[in-house]
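1. got a predicted structure plus its sequence, pasted below:
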Amino acid sequence: MNEKNEPTKAELDILTILWKHGPSTVRFVHDQLNAFKEVNYTTTLKQMQLMAEKGLLRRDESSMKHIYEAIEEEKKTKSLLLDRFVDHIYGGSASNLVMQLLDNKKASKAELDEIRAVLDQLERKNS
């Protein structure tokens with residue numbers, strides 16, 4: 001994935017549904033989108049067709065119902081987008097991002113314990 005085919009917010013909504021549910025019809029994706037925002041079916045269809053042209057989705061036309069699936073893995077896409085975000089907004093500083101995030105969002109004790117465990121693991125790796 002490069003900047004030219006980086007997913008938009010609307011495309012990320014569709015990708016999130018496909019990552020969660022796997023290969024799906026336009027109707028299924030459309031119904032899932034409408035659970036949290038109103039979208040016309042033709043808009044969903046056109047968006048998914050454009051995403052296939054853009055190289056974000058693969059379309060299986062072997063049956064009457066066309067099935068779409070995400071080409072890139074969720075983790076890979078999120079990692080790339082996060083890297084670009086951190087580079088652009090936080091000058092590449094992961095610590096600035098984490099500090100801002102923890103300052104803005106109240107983390108539960110369980111989340112803080114999980115963060116500590118990750119930090120401990122990273123510290124052991126770097127020792």
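-> Right, received. Where do you want to start? Since this is a predicted model, take the numbers as computed values, not measurements.
2. lowest average confidence, helix or strand, in this protein?
-> Using mean pLDDT, DSSP states H and E, the weakest-scoring helix or strand in the chain turns out to be helix 94-104, at a mean of 88.
3. residues in contact with it?
-> 86, 89-90 (C-beta atoms under 8 Å, 6 or more residues apart in numbering). Placement of C-beta: from N, CA and C, glycine included.
4. how about 10 Å then?
-> If you take C-beta atoms under 10 Å, 6 or more residues apart in numbering as the criterion, helix 94-104 is touched by 82-83, 85-86, 89-91, 93, 107, 111-112, 115, 119.
5. with stretch 31-50 instead?
-> Residues from elsewhere that reach stretch 31-50 (C-beta under 10 Å, 6+ apart): 8, 10-11, 13-14, 16-18, 20-21, 24-27, 29-30, 56-57, 59, 66, 68.
6. just the buried residues from the contacts of helix 94-104, in PyMOL please.
-> In PyMOL syntax, the buried subset of these is picked out as below (16 or more other C-beta atoms under 10 Å):
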select buried, resi 86
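7. turn the contacts of helix 94-104 into a markdown table, columns for distance to Tyr41.
-> Putting the contacts of helix 94-104 into a markdown table (distance: C-beta to C-beta, whole Å) gives the following:
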| residue | distance to Tyr41 |
| --- | --- |
| Leu82 | 32 |
| Asp83 | 35 |
| Phe85 | 32 |
| Val86 | 36 |
| Ile89 | 35 |
| Tyr90 | 39 |
| Gly91 | 43 |
| Ser93 | 43 |
| Ala107 | 39 |
| Glu111 | 38 |
| Leu112 | 44 |
| Ile115 | 42 |
| Leu119 | 46 |
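8. go through the contacts of helix 94-104 and flag which are in strands.
-> Using DSSP state E, no member of the contacts of helix 94-104 sits in strands.
9. make a markdown table out of the contacts of helix 94-104 and add distance to Lys75 and pLDDT.
-> Shown next, in a markdown table, are those (distance: C-beta to C-beta, whole Å; pLDDT from 0 to 100):
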| residue | distance to Lys75 | pLDDT |
| --- | --- | --- |
| Leu82 | 10 | 92 |
| Asp83 | 12 | 92 |
| Phe85 | 15 | 91 |
| Val86 | 16 | 93 |
| Ile89 | 21 | 93 |
| Tyr90 | 21 | 94 |
| Gly91 | 24 | 94 |
| Ser93 | 22 | 92 |
| Ala107 | 22 | 86 |
| Glu111 | 19 | 90 |
| Leu112 | 23 | 89 |
| Ile115 | 19 | 89 |
| Leu119 | 20 | 90 |
